[in-house]
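Asks: Build me a structure from this.
(2 chains)
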2 protein chains.
Amino acid sequence: MADYSLYYWPMIQGRGEFVRLALEDAGADYDDVARRDAPGAGIGAMQALMASGKRPSLAPPFLVDDGLLIGQTTNILLHLGPKLGLAPRTMHDRLWVHQLDLTVADFVNEIHDTHHPLGVSLYYEDQKPEAARRAAVFVQERLAKFLDYFERTARENTSRGPWLVGSRISTADLSVFQVMAGLRYAFPRAMSARESNWPRLLALHDAVAARPRLAEYLASPRRLAFNEQGIFRRYPELDSE
Amino acid sequence: MADYSLYYWPMIQGRGEFVRLALEDAGADYDDVARRDAPGAGIGAMQALMASGKRPSLAPPFLVDDGLLIGQTTNILLHLGPKLGLAPRTMHDRLWVHQLDLTVADFVNEIHDTHHPLGVSLYYEDQKPEAARRAAVFVQERLAKFLDYFERTARENTSRGPWLVGSRISTADLSVFQVMAGLRYAFPRAMSARESNWPRLLALHDAVAARPRLAEYLASPRRLAFNEQGIFRRYPELDSE
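Replies: Down below sits the predicted model:
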């Protein structure tokens, strides 16, 4: 039995990817349960756990670690960071990394809502004009607001190296990597027109992608492709310079 | 000098209120800095701290505790909970409380977006038809999705008493109280048509409001009134049965 069991929708990177990146970078032994077609696995096993009375999550992803069920992406990262060598040593620094992870989560919500401004239960096709308006505001205002903040965070870290906090990689670096990769997929025109404004984040992205275990992972079938069911969707009508 | 300095917009309860409730329930000595009109206080002091190079937050609220600057509402609660007697004893239970706090934060985002579906930088008046569509989906689907989840959480807590986790109050209880109060303000018709579905949450709300320090606080001028600049806005056109 694997050390960790991750439960997330099998067709998309989604929020589960932030957890996968941590597990993969650490070379952790984990079971991506809902992606496995077997008795006790698959989406059915995930939904059974959500319907159970054992402190279930409202939504995936969630993780089982030694009988402990933990939900909410950033909470999972808070728990895993120290165990996987992806957290700083002091509580002060750990709170700061968690704060950055939470700010990434806010950003991810806004990115998602560019294609779902009226709600998750409606199709994109039912909210295209509204999505176009929201995406325009996102590209013109929100994109730089968040990325300027993370760029500044990287710049103001006085330790050597490409990372956001101190001299060691943390979950916040993996999460910012994922957002940069996703934004390049979903908003190629907006990003190529702007990304030179964020040289530290580009360096961070490349440093994460070059980590040996992650380079292997990103080239493997375990890394799902970005697609139009996930958070980062390439809808050309929402992208602009 | 107070033990804690809280920084948040002075005109609204907003996300700062989740922190205030914890500080008030504990009888903590805190300075609500941006609400004080004095040199080194006010909104100017808050904005100066956001512009500083000391691990600033992207947005308020943030807290200064013994020189440590902490941002993101749920991160502040994670830090304060154990110090204020508002956290369970074990790490397992603390992660669960944090997970619930994070789920409240997700809910608060959705409640906010009922009046701002196209983005925070546009006025409500510029997105009224879209807000009406989003609010209808919210009332018909999302409201019960979240409140059913918290109701079930309270019901499945096998400890005595009205709380969500174990037999002691936690930040999650204060946060659910605040959401229930806010929803009753913003969506009186939707709530009065439905709230009998959530008896445990009604009991929790009343138990929180009856705590002596909070009862005093809620009746004091320190408790700002709900209003149409905050998260919970009473726009009758967005409310429905």
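
Asks: show me where chain A has helices.
Replies: Secondary structure of chain A (DSSP state H): helices located at A:16-25, A:42-51, A:73-83, A:91-115, A:128-137, A:143-156, A:171-186, A:188-194, A:199-209, A:212-218.

Asks: what's the second one packed up against?
Replies: Applying 3 or more CB pairs under 8 Å, 6 or more residues apart in numbering or on different chains; DSSP states H and E, one finds that helix A:42-51 contacts strand A:4-7. The way it works is simple: take the backbone N, C-alpha and C, and place the C-beta from them, glycine included.

Asks: Show me the domain layout of chain A.
Replies: A:4-83, A:91-211 (automatic domain parsing).

Asks: of all those, which lies closest to B:Leu143?
Replies: domain A:91-211 (11.7 Å; CB to CB).

Asks: what's the span of the closest one, first residue to last?
Replies: 26 Å (CA to CA, to the nearest Å).

Asks: Grab the nearest non-local neighbour of A:Glu237.
Replies: Take A:Glu237 and drop its neighbours on the chain: the residue closest to it by CB to CB, 6 or more residues apart in numbering or on different chains is A:Ala132, 6.2 Å away.

Asks: let me redo that: A:Asn227
Replies: A:Asn227 sits nearest to A:Ile12 (CB to CB, 6+ apart), 6.6 Å away.

Asks: tell me the phi and psi of the one you found?
Replies: Main-chain dihedrals, A:Ile12, degrees, to the nearest 10: phi -140, psi 160.

Asks: one step back: any chance of the helices of chain A in TSV, plus mean neighbour count, mean pLDDT and distance to B:Glu237?
Replies: Listed next are these as TSV, based on neighbours: other CB atoms under 10 Å in any protein chain shown; pLDDT from 0 to 100; distance: least, CB to CB, whole Å:
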stretch	mean neighbour count	mean pLDDT	distance to B:Glu237
helix A:16-25	24	98	37
helix A:42-51	15	95	35
helix A:73-83	23	98	34
helix A:91-115	21	97	21
helix A:128-137	19	96	17
helix A:143-156	18	97	30
helix A:171-186	24	98	33
helix A:188-194	15	98	34
helix A:199-209	18	98	41
helix A:212-218	14	98	48
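
Asks: Of all those helices, which one is nearest B:Pro212?
Replies: Of all these, it is helix A:91-115 that lies closest to B:Pro212, at 30.6 Å by CB to CB.

Asks: how big is the angle separating the closest one from helix A:143-156?
Replies: 160 degrees (axes from the mean of the first three to the mean of the last three CA atoms, to 10 degrees).

Asks: now helix A:91-115: how far from the chain's centre is it?
Replies: 9 Å (CA atoms, centre = their mean, to the nearest Å).

Asks: Against which helices or strands is that helix packed?
Replies: helix A:73-83, helix A:128-137, helix A:143-156, helix A:171-186, strand B:68-71, helix B:73-83.

Asks: hmm, 10 Å instead?
Replies: In terms of contacts (3 or more CB pairs under 10 Å, 6 or more residues apart in numbering or on different chains; DSSP states H and E), helix A:91-115 is packed against helix A:16-25, helix A:73-83, helix A:128-137, helix A:143-156, helix A:171-186, strand B:68-71, helix B:73-83, helix B:91-115.

Asks: Distance of A:Pro199 relative to A:Phe18?
Replies: Distance, A:Pro199 to A:Phe18, by CB to CB, to the nearest Å: 23 Å.

Asks: ditto for A:Leu68
Replies: Counting by CB to CB, the gap from A:Leu68 to A:Phe18 is 19 Å.

Asks: contacting residues around A:Tyr8?
Replies: A:14-17, A:19-20, A:32-35, A:43, A:46, A:59-63, A:73 (CB atoms under 10 Å, 6 or more residues apart in numbering or on different chains).

Asks: just to revisit the earlier point, residues in contact with the residue nearest to A:Asn227?
Replies: The contact partners of A:Ile12, by CB under 10 Å, 6+ apart, come to A:Leu224, A:Ala225, A:Phe226, A:Asn227, A:Glu228, A:Gln229, A:Gly230, A:Ile231, A:Phe232.

Asks: How about A:Leu164?
Replies: Contact analysis of A:Leu164 by CB under 10 Å, 6+ apart lists A:96-97, A:100, A:150, A:153-157, A:170-173, A:175-176, A:200-201, A:204.

Asks: Report the contact partners of the residue of chain A positioned farthest from its centre.
Replies: Relative to the C-alpha centroid of chain A, counting by CA atoms, centre = their mean, A:Pro39 is the outermost residue, at 28.6 Å. Each residue near A:Pro39 by CB under 10 Å, 6+ apart is listed here: A:Ala45.

Asks: Quick one, grab the pLDDT at it.
Replies: Looking at A:Pro39, its pLDDT stands at 92.

Asks: And A:Tyr185, how far from A:Ser220?
Replies: Distance from A:Tyr185 to A:Ser220, by CB to CB: 18 Å.

Asks: go on, A:Leu183?
Replies: 22 Å.

Asks: Was I right to think A:Ala26 contacts A:Leu84?
Replies: Yes - using CB atoms under 10 Å, A:Ala26 is in contact with A:Leu84, at 3.7 Å.

Asks: Give me the common contacts of those two.
Replies: Both A:Ala26 and A:Leu84 are in contact with A:Tyr4, where contact means CB under 10 Å, 6+ apart.

Asks: and the residue nearest to A:Lys54 when sequence neighbours are not counted, how many neighbours does it have?
Replies: Leaving aside its chain neighbours, A:Lys54 sits nearest to A:Leu69 (5.8 Å; criterion: CB to CB, 6+ apart). The tally of other residues near A:Leu69 (other CB atoms under 10 Å in any protein chain shown) stands at 20.

Asks: and A:Leu69, bridged to which residues?
Replies: Here A:Leu69 sits in beta bridges with A:Val64, as judged by DSSP bridges.

Asks: Does A:Asn75 touch A:Arg55 like I think?
Replies: No - taking contacts as CB under 10 Å, A:Asn75 lies outside contact range of A:Arg55: 11.7 Å.

Asks: Just give me the residues shared between the contact sets of those two.
Replies: Listed as contacting both A:Asn75 and A:Arg55 by CB under 10 Å, 6+ apart are A:Phe62, B:Leu95, B:Trp96, B:Gln99, B:Leu100.

Asks: wait, the first one sits on A:Gln47?
Replies: No - taking contact to mean CB under 10 Å, the distance of 11.6 Å between A:Phe62 and A:Gln47 leaves them out of contact.

Asks: Find the residues that touch each one of those two.
Replies: Joint contacts of A:Phe62 and A:Gln47 (CB under 10 Å, 6+ apart) are A:Tyr7.

Asks: Can you tell me which of the contacts of A:Ile12 has the most neighbours?
Replies: Neighbour counts for these peak at A:Phe232, which has 25 neighbours (criterion: other CB under 10 Å).
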